[in-house]
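Engineer: quick one: sequence and predicted model below, then my questions.
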Amino acid sequence: MLKKLILLIFLIQSCYSSDIFYYKGDKKVDLIPLDRSSRSLSLNYGVDFYKTKHGRVLGVTDKLIVSVKNTSNLDDFLLDYNLILVKKLDKNLYLLQTNDKSETIKISNFLHENKNVIYAEPNFVKNIVSR
């Protein structure tokens with residue numbers, strides 16, 4: 001009976017678990033969305049907060065950082081994903097903006113999986129610890 005109950009709980013969790021993640025290097029880092037009411041997030045308008053399994057809180061806006069292998073691919077990415085070039089950060093490194101903040105993680109993952117991209121990840125807002 002206990003084994004059946006554990007299996008049932010596992011299946012329910014699997015059905016309701018979201019597949020939200022980002023790439024850190026070549027590893028997927030799972031993200032758990034935080035409810036705005038669970039934190040004092042009223043001052044962080046425009047930021048969606050997530051927690052990693054290790055408890056680190058990360059904020060996601062409509063911006064992402066992308067490093068491309070060849071700058072000639074950048075225009076294609078801007079058009080394909082409806083992105084805006086905000087700023088060139090370094091050689092082949094760019095700050096891009098999405099039109100929809102809710103798409104930032106998904107687009108950064110698509111770009112990361114592209115063979116012409118070195119890496120892509122959301123431009124995270126991280127907690128600042130005061131000393």
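Structural biologist: Thanks, I have it. Residues are numbered from 1 along each chain as shown.
Engineer: pick out the residue closest to the middle of this structure.
Structural biologist: residue 105 (3.3 Å; Cα atoms, centre = their mean).
Engineer: surely it forms part of a helix?
Structural biologist: Yes. Assessed by DSSP: H, G, I helix; E, B strand; the rest coil, residue 105 belongs to a helix.
Engineer: which parts of the protein are helices?
Structural biologist: For the chain, the helices defined by DSSP state H occupy 2-16, 74-80, 104-112.
Engineer: so for the first one, mean pLDDT?
Structural biologist: It stands for helix 2-16. When pLDDT is averaged along helix 2-16, the result is 48.
Engineer: what is the burial count for residue 32?
Structural biologist: 14 (other Cβ atoms under 10 Å). (Glycine included, C-beta is placed from N, CA and C.)
Engineer: state the pLDDT value of it.
Structural biologist: 91.
Engineer: is it true that it touches residue 49?
Structural biologist: No. The pair residue 32 / residue 49 is not scored as a contact, 9.8 Å apart, by Cβ atoms under 8 Å.
Engineer: pull the helix or strand with minimum mean pLDDT from this structure.
Structural biologist: helix 2-16 (a mean of 48; mean pLDDT, DSSP states H and E).
Engineer: got any ranges where the protein has weak pLDDT?
Structural biologist: 1-18, 36-45, 127-131 (pLDDT under 70).
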